[in-house]
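> Turn this into a structure:
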Amino acid sequence: MIKSSIYWETIGITAKIACFTPENGVAEYHVMMQVEPRDEMFKEQFTRLKQGEELLMNEIDNAIVCTKKYFVSDSTNQESFFTKDTAFIQQPPLNGSKIGVWLYITQGTSSYKHLWSMAMTHPQGSCYEQTKEILEAYETLLGKNNASIADNCVRTWIYVRDVDTQYHGMVEARRENFIKEGLTQQTHYISSTGIQGIPANPKAIIQMDAYSILDISQDQQQYLYAASHLNPTYEYGVTFERGTKVKYGDRSHIFISGTASIDNKGNVVHVGDIVQQTLRMWDNVEALLSEGNATTDDIAQIIVYLRDIADYNTVQSMFDDKFPNTPIMITQAPVCRPTWLIEMECIAITEEYNEEFRNF
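Here you go, the predicted structure:
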C-alpha cells in the first residue's frame, strides 16, 4: 500500500491517497479530499473541490470512479449543487469547510460485479416505516440482479436524522427485515455503520448506502468478531457484524463497521474522556483487523465521527500522529449511544492469495 498526499495550492485542495497496486491486476485508490476553508460561500468551495477531482483524475490513467460520497454542512440548502444520483449526507467536515469527499477509484475493471447503491430514502412515515421501505426496495433491486441481502450485501451505512431519538425505530425495522431474510445470530448479519446523518429531504429520517457483490460466494466472506475486545452485537439488541473480510484470488478487502469505545460485555468504556475513548476504539479496530490477518498499515481509508466539535483538535492531532498518511475524514456525527464521544470505520486492503477464488 502506497500512501501519499497532494496539495493544489492555487485551489486550496488537499487529497490524501492510498493506492493498492498489485504486480498484475486492478489497482485500487481510496482518496479523501479536503477543502481549505476560505471566506466564501458553499458554491465557491464546491467549485474548488470539483476542480480538485478533475486534477486527481488526470493523475490516474484509465481511472474508473466506482463510488464517491460527499460530506456537507447543510444538505437541504446545498442539494441543488448535486445531480440526482450523487451521494451526499449532512455530516459536516470538522476542518472548518462546508464540504469534503471520499472517492473510491480503480485502475482497470474488476472481474466481479460490484453494486454501490447510494442515498436511498423513503421520505414518508416513521423512522421504522422508512427503514422498512428502504430495505424492501433494496431487496427488490438485488432480486432483479439474482442477488439477495443475505448472500451478496457486504456493507451498509444507515444515516439517522436524530440518532438520539430515532435510532431505535431503525434498529427494530432492520431486525425484522433480517429475520425475514434469514439473517440471525446463528447465520450472519451485515457489516454496518448506524450513525447520525441528515438527508436533504426534510421528511427523510433515514438514508441508506449499501455495497453488494453480485457474484460473490458465501465462502469468500469471513466475519470478524474480536471476542477478546468486543461482544456480539445481538447481545445489546442490534444486528450487524463488527467486520467482514472479502477474499479474492489476489487480495482481500476488510470492512470494519462503526467501532467505538466498548468492551466485550457491551459496556461503554471511559465515559467522558475523549482521549481514552479514542485509544480504546483503536484497540478494538486493531483486534478486528488482526483477526482478518491485517494491521493498521493496511488501512486504505478512515471515517471518524465526533459528537462534540470541541474535541476535533485533540482527535485530529491523535490521528495525525498514528495515521500520518492515511486518507481520513473527520465529521460531526453523534454516535448511537450518547456516552460514546467518537466512532470510526475503515476499509483495509491486504495482499493475500486465495487460489480457490478468481482475482479481483
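> So Gly169 sits against Ile158, correct?
No: with contacts counted by CB atoms under 8 Å, Gly169 stays clear of Ile158, the gap being 11.3 Å. Where C-beta positions appear, they are placed from N, C-alpha and C, glycine not excepted.
> which neighbours do these two share?
The contact sets of Gly169 and Ile158 overlap at Thr131 (CB atoms under 8 Å, 6 or more residues apart in numbering).
> more crowded one of those two?
Ile158 (26 against 20; other CB atoms under 10 Å).
> Next up, the contacts around that one.
For Ile158, the contact set (CB under 8 Å, 6+ apart) comprises Thr131, Met170, Arg174, Ser192, Thr193, Gly194, Ile195, Ile206, Gln207, Met208.
> Need phi/psi at it.
With angles defined as degrees, to the nearest 10, Ile158 sits at phi -120, psi 120.
> Could you shift the numbering so residue one becomes 30, and keep it that way?
Got it, first residue is 30 now, which makes that one Ile187.
> So what pairs up with it in the strands?
Using DSSP bridges, the bridge partners assigned to Ile187 are Gly223, Met237.
> Met358 belongs to a strand?
Yes: counting by DSSP: H, G, I helix; E, B strand; the rest coil, Met358 falls inside a strand.
> is it true that it touches Phe100?
Yes: the criterion here is CB under 8 Å, and Met358 meets it with Phe100 at 6.1 Å.
> shared neighbours, these two?
Shared contacts of Met358 and Phe100, defined by CB under 8 Å, 6+ apart, comprise Pro122, Gly129, Trp131.
> Of the residues you listed, which belong to strands?
Gly129, Trp131 (DSSP state E).
> Of the shared contacts of Met358 and Phe100 - the most surrounded one?
Gly129 (26 neighbours).
> Show me what it bridges to in the sheet.
Taking DSSP bridges as the rule, Gly129 bridges to Gln63, Phe100.
> same thing with the one 4 residues further on?
Each beta-bridge partner of Tyr133 is listed here, defined by DSSP bridges: His59, Thr96.
> Let me know the closest of the contacts of Ile187 to Thr368.
Using CB to CB, Ile224 is the member of these that lies nearest Thr368, at 15.1 Å.
> Enumerate every residue touching that closest one.
Listed by CB under 8 Å, 6+ apart, the contact set of Ile224 reads 120, 186-189, 192, 287, 334, 362-365, 372.
> Please apply the same query to Pro66.
The contact partners of Pro66, by CB under 8 Å, 6+ apart, come to Asn124, Gly125, Ser126.
> repeat that for 6 Å
Going by CB atoms under 6 Å, 6 or more residues apart in numbering, Pro66 touches Gly125, Ser126.
> Can you report how many residues neighbour Thr112?
By other CB under 10 Å, the burial measure for Thr112, its neighbour count, is 5.
> what's the answer for Asp350, then?
Neighbour count of Asp350, defined by other CB under 10 Å: 8.
> Ok, Thr288 next?
25.
> how far away is it from Leu259?
Plainly put, Thr288 is 8 Å away from Leu259 if you go by CB to CB, to the nearest Å.
> Please apply the same query to Asp180.
Asp180 is 25 Å from Leu259, by CB to CB.
> likewise Ile376?
18 Å.
> Check Ile378 too.
In terms of CB to CB, Ile378 sits 22 Å off from Leu259.
> what do you get for Val333?
Distance from Val333 to Leu259, by CB to CB: 18 Å.
> Please apply the same query to Thr115.
34 Å.
> between those two, who's got more neighbours?
Set side by side, Thr115 and Leu259 show more neighbours around Leu259, with 23 against 13, by other CB under 10 Å.
> how about that one, what does it touch?
Arg271, Asn293, Asn313.
> What are the boundaries of the strands in the stretch 130-279 of the chain?
Along the stretch 130-279 of the chain, the stretches classed as strands by DSSP state E, counting those that start in this stretch are 143-149, 182-189, 220-225, 235-242, 250-253, 272-276.
> Reformat the ones you listed as JSON lines; add mean pLDDT and distance to Leu171.
As requested, those are exported to JSON lines (pLDDT from 0 to 100; distance: least, CB to CB, whole Å):
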{"stretch": "strand 143-149", "mean pLDDT": "97", "distance to Leu171": "8"}
{"stretch": "strand 182-189", "mean pLDDT": "98", "distance to Leu171": "7"}
{"stretch": "strand 220-225", "mean pLDDT": "98", "distance to Leu171": "16"}
{"stretch": "strand 235-242", "mean pLDDT": "98", "distance to Leu171": "6"}
{"stretch": "strand 250-253", "mean pLDDT": "97", "distance to Leu171": "16"}
{"stretch": "strand 272-276", "mean pLDDT": "98", "distance to Leu171": "17"}
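> Nearest to Gln305, out of the ones you listed?
strand 220-225 (21.0 Å).
> how far out from the middle of the chain is that closest one?
Put simply, strand 220-225 sits 8 Å off its chain's centre (CA atoms, centre = their mean, to the nearest Å).
> got it, and stretch 351-358?
Stretch 351-358 sits 15 Å away from the centroid of its parent chain (CA atoms, centre = their mean).
> buried residues in it?
Of all the residues in stretch 351-358, those buried under the rule 16 or more other CB atoms under 10 Å are Phe352, Thr355, Pro356, Ile357, Met358.
> go on, stretch 249-258?
Within stretch 249-258, the residues that count as buried by 16+ other CB under 10 Å are Gln249, Gln250, Tyr252, Leu253, Tyr254, Ala255, His258.
> Ok, stretch 82-90 next?
Using 16+ other CB under 10 Å as the test for burial, stretch 82-90 gives Glu82, Leu84, Leu85, Ile89.
> which ones are touching the second one?
Neighbouring residues of Leu84 by CB under 6 Å, 6+ apart: Trp37.
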